[in-house]
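J.: Show me the folded form of this:
(one chain, ligands or ions: 1)
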Amino acid sequence: MQIDEIQRVTLVGMGVIGTQIAIQSACHGYKVFGFDEVPESFERANRMIFSAMEAQQIQPVVGLEAWKQGMQKVLLTGDLEQAVSRADLVIEAVPERLELKRQVFADLDRLAPAPALLASNSSSIPISRIQDATKRPAQCLNLHFYFPALGINLVDVMGGEATAPATLEAGAAWVRSIGCLPIRLKKETFGFCFNRMQHAARREALHMWAEGAVEVEDADRAWMVGTGMPFGLFGMMDQVGLDVVYNVEMSYYNETGDARFLPPEPLKDMVDRGELGYKTGKGFYTYPNPEYKNPDFLS
Ligand SMILES: NC(=O)c1ccc[n+]([C@@H]2O[C@H](COP(=O)([O-])OP(=O)(O)OC[C@H]3O[C@@H](n4cnc5c(N)ncnc54)[C@H](O)[C@@H]3O)[C@@H](O)[C@H]2O)c1
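T.: Down below sits the predicted model:
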């Protein structure tokens, strides 16, 4: 598959990130299909995305008006076969569970045209653990997005041993074609590039908070002023979803067996109480008016 052959893109899993990838692609002229087993997912994700934009006073990389137009162009269907039967590139963005992703890839392999590329947006699972669920491992890759709706246009592009170089070339070129910056990983790396760097900071922040060494707000102030980033690590975790954060932390632990990577108990307690961050109205902050929205937050 060459980049100029990619015209139709399908997203499988229209949650917080699948919806953003679909809209970002639609904004750049691709014909985009979206499939989710829960029909309301796209609408729900969009509500969350818009409030996150508002809470953080950040615009999508394409600008707000273009984003709204892109939203209208995503073709939603509840039929997986219809969603992928003519796709050139399929991106999976279902929850972070290996067996689920392997099952989805097996289904995509059965239903998508033979030349189509199959990408996973997983935050932590390298494609080498998924691609052998298909008969086209050379055409499988990781395309790991951050938050195009919140102005972060980075995408990690990573292959496994069985991934063909041409697949990575086409993946990186496609990422560029939708206004995002491809970050190429030269070998499989747990956590990808930016995520791995950010994870180290987030792990320290979580442990400092759990030890009672710092308040969430002060840690976020320090991060924002020190790095110039528009949001702090805790505010960011609330946006991602604390269940997603917890699962990612557990993946690091399961991957390494190193106890330093175990997420702290108070984080697990929050997840068990359903305090999942923005999407449930409460996490480290309370929504829709988290303290970091206060104009005096950094003074
Ligand atoms: N949230 C983020 O910031 C972020 C960023 C980068 C990567 N990721 C990764 O992207 C993936 C999705 O994360 P998310 O935060 O969007 O999760 P989410 O829970 O918001 O969305 C997942 C969606 O997948 C749907 N789904 C579940 N099983 C399905 C199936 N079999 N077929 C089709 N749809 C199905 C769910 O209904 C839901 O709408 C995960 O692997 C996550 O690690 C998330």
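J.: Which residues belonging to stretch 259-272 are considered buried?
T.: For stretch 259-272, burial by neighbour count (16 or more other C-beta atoms under 10 Å) applies to F261, P263, L267, M270, V271. Placement of C-beta: from N, CA and C, glycine included.
J.: From the residues you listed, pick the one nearest T167.
T.: Distance to T167 across those (C-beta to C-beta) is lowest for F261, with 30.5 Å.
J.: returning to what we had before: for the ligand, state which of the buried residues of stretch 259-272 is nearest.
T.: For these, the residue nearest the ligand by C-beta to the nearest ligand atom is V271; the value is 13.2 Å.
J.: looking at it, that closest one is touching D243, isn't it?
T.: Yes: the pair V271 and D243 qualifies as a contact (C-beta atoms under 8 Å) at a distance of 5.3 Å.
J.: returning to that earlier point: same list (the buried residues of stretch 259-272) but as TSV, adding secondary structure and distance to the ligand.
T.: As requested, these are exported to TSV (DSSP: H, G, I helix; E, B strand; the rest coil; distance: C-beta to the nearest ligand atom, whole Å):
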residue	secondary structure	distance to the ligand
F261	helix	16
P263	coil	15
L267	helix	16
M270	helix	17
V271	helix	13
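J.: ok, which pair from those is furthest apart?
T.: The two members of these with the most space between them (C-beta to C-beta) are F261 and M270, at 18.1 Å.
J.: Quick check: mean pLDDT of the helix or strand hosting A222?
T.: Applying DSSP states H and E as the criterion places A222 in helix 216-227. The pLDDT scores in helix 216-227 average 97.
J.: what's the following helix or strand after it?
T.: Downstream of helix 216-227, the first helix or strand assigned by DSSP H and E is helix 233-240.
J.: do that following helix and the ligand meet?
T.: Yes: residues of helix 233-240 are located near the ligand by C-beta under 6 Å from any ligand atom, namely V240.
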